[in-house]
Every structure is written in C-alpha cells, then in structure tokens.
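Asker: structure of the sequence below:
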Amino acid sequence: MSRQQPSGHEECRYPLQDGDWVVMDGHQKGRVLLVDDEPLIQKLISTLLVSAGYVVQTAVDGLDGLGKLRAELPDLIISDLNMDRMSGREFLDVVRKRFPQIPVIVTTAEFANEMPSGVTADAYYYKGGLPLQPLLETISELTNKPPLRTGLPLIDNGPAQAKWDGDGQYLIECKDCLRVFSFPHTPDVVRDEKWTICIHCGNLVRFLMAAQVERV
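Answerer: Now for the predicted structure:
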C-alpha cells in the first residue's frame, strides 16, 4: 500500500482519516468527494464506495471540501448539510456556481421522505435509510450520465475588486469560497494589484485596490 496523488488508471484508493489518497490495486469507476463531519458515516460510505470500485476522498466540512477541489475535481460530490465552519447548503451553492458540471448528492438524517427545500443537489439520500444499495445505484446513474446544465460559468482569472465600505475597510469577495472579508485601509493605498489571504478558506486572493481619492 502506498500514498500518492491521483493520476493513473486501474487502481482503487482508500481514504485516510485526513482525506489523503491511499492506492491499492483494483478497477476504478470514478472519483467521489465525500464531505461529512461524522467519522462513522465517512468510514461507512467510503468503505462501501471503495469496495464498489470508486476512488474516494473525504472532507470534514464545506471549507475543507473546497480545499480538496483546488487539487482535483471529482466526478461526483456527496455532502452532508449540517457541518461547522461552512454548512453543506453553502458549500453546495458554491459548487453549483463554480462547478455546475459536477453532480451532487446531499445526505442528512433530518429529512426522511424528501430532499430539503432550497438545496442545490441532484439527488438525496437519507442517512437513516439503510441499506446503502440505493445510494450506490444513484451514484452509478449520476456518474454514468451526469445531469445536463444549461451552461457553464465563464472562468474569471482577473483580480477581485476591493470595494470601500465607507467605514475604514475594503471588502473583497474570495473567488474560491465566494465569501466576503474585510481588508483595512492603509495610508499607502495605491491603484495596483495586491495579494492577501482569505480569512475564511485560506485561499490566496489577488485583488485590485482603488486609489484613496476614488473612495468618495
């Protein structure tokens, strides 16, 4: 058994507790990102998917999930709703805006009969609904025939625009987690590209700050 980044074919990868990849011989069906803060649920679903031939990587909440997406996009995402730091609802909203081509399954133990309202997902699985065979069937359907979206978003590689809030702070929207954070005004503000770290997800953000005279 050996650790390595996902790269080849004809292999089956077991997720470790920290979400790393573990590679073993086997047949690969597709890549799945599992986002859930319950270790038992992570282990249960991961073991099921790996035994069925899927490559699985795990994340403990939405922000952790976004970090995994920076490295490699999966073929499908399974996400819980109730998680700390970034909930499943917010995470799935970000995924639908940035990666609408990726099918998503939402899981929760709160709603037994139908998908919770306002959730941007393609399918729903009730955690209390064992056995897990229906979940495997849904994953197979979505990975073999992903839902068609009306269009993919344009990729914006330009700097974010820092907006003056009139109260001593500039506001910047992180293009990774889509959250807004503040940046304090300093006397040396000039019109130029700068870099900072998103306080929410830790992403390196390139932004353009307007000159001080243009704040009015």
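
Asker: ranges for the strands of the chain?
Answerer: Shown for the chain, the strands assigned by DSSP state E span residues 2-3, 11-15, 21-25, 31-35, 55-59, 76-80, 104-108, 123-126, 160-164, 169-173, 180-184, 192-197, 204-209.

Asker: which stretches in the protein count as helices?
Answerer: In the chain, the segments counted as helices under DSSP state H are 39-51, 62-71, 88-98, 133-144.

Asker: quick one: mean pLDDT for the last one?
Answerer: The one in question is helix 133-144. Across helix 133-144, the average pLDDT comes to 91.

Asker: same check, this time on stretch 96-115
Answerer: Mean pLDDT, computed over stretch 96-115, is 83.

Asker: is it true that Arg179 touches Val205?
Answerer: No - counting by Cβ atoms under 8 Å, Arg179 does not reach Val205; the two are 10.7 Å apart. C-beta here means a position set from N, CA and C on the backbone, and glycine is covered the same way.

Asker: on that earlier part again, need the strands of the chain in CSV (columns: distance to Leu132 and mean neighbour count).
Answerer: Shown next, in CSV, are those (distance: least, Cβ to Cβ, whole Å; neighbours: other Cβ atoms under 10 Å):
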stretch, distance to Leu132, mean neighbour count
strand 2-3, 27, 8
strand 11-15, 16, 20
strand 21-25, 21, 15
strand 31-35, 13, 25
strand 55-59, 14, 24
strand 76-80, 11, 26
strand 104-108, 11, 22
strand 123-126, 8, 18
strand 160-164, 41, 17
strand 169-173, 38, 19
strand 180-184, 38, 14
strand 192-197, 39, 12
strand 204-209, 39, 17
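
Asker: need those strands in JSON lines with distance to Met86, can you?
Answerer: Listed next are these as JSON lines, based on distance: least, Cβ to Cβ, whole Å:
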{"stretch": "strand 2-3", "distance to Met86": "27"}
{"stretch": "strand 11-15", "distance to Met86": "20"}
{"stretch": "strand 21-25", "distance to Met86": "23"}
{"stretch": "strand 31-35", "distance to Met86": "9"}
{"stretch": "strand 55-59", "distance to Met86": "10"}
{"stretch": "strand 76-80", "distance to Met86": "10"}
{"stretch": "strand 104-108", "distance to Met86": "14"}
{"stretch": "strand 123-126", "distance to Met86": "20"}
{"stretch": "strand 160-164", "distance to Met86": "19"}
{"stretch": "strand 169-173", "distance to Met86": "15"}
{"stretch": "strand 180-184", "distance to Met86": "14"}
{"stretch": "strand 192-197", "distance to Met86": "16"}
{"stretch": "strand 204-209", "distance to Met86": "17"}
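
Asker: between those, which gets the lowest average pLDDT?
Answerer: Note on those: lowest mean pLDDT is at strand 2-3, with a mean of 38.

Asker: what number of residues lie near the residue lying closest to Val94 once chain neighbours are set aside?
Answerer: In this structure, Val94 finds its nearest non-sequential neighbour in Leu178, 5.2 Å apart by Cβ to Cβ, 6 or more residues apart in numbering. Using other Cβ atoms under 10 Å, Leu178 has 15 neighbouring residues.
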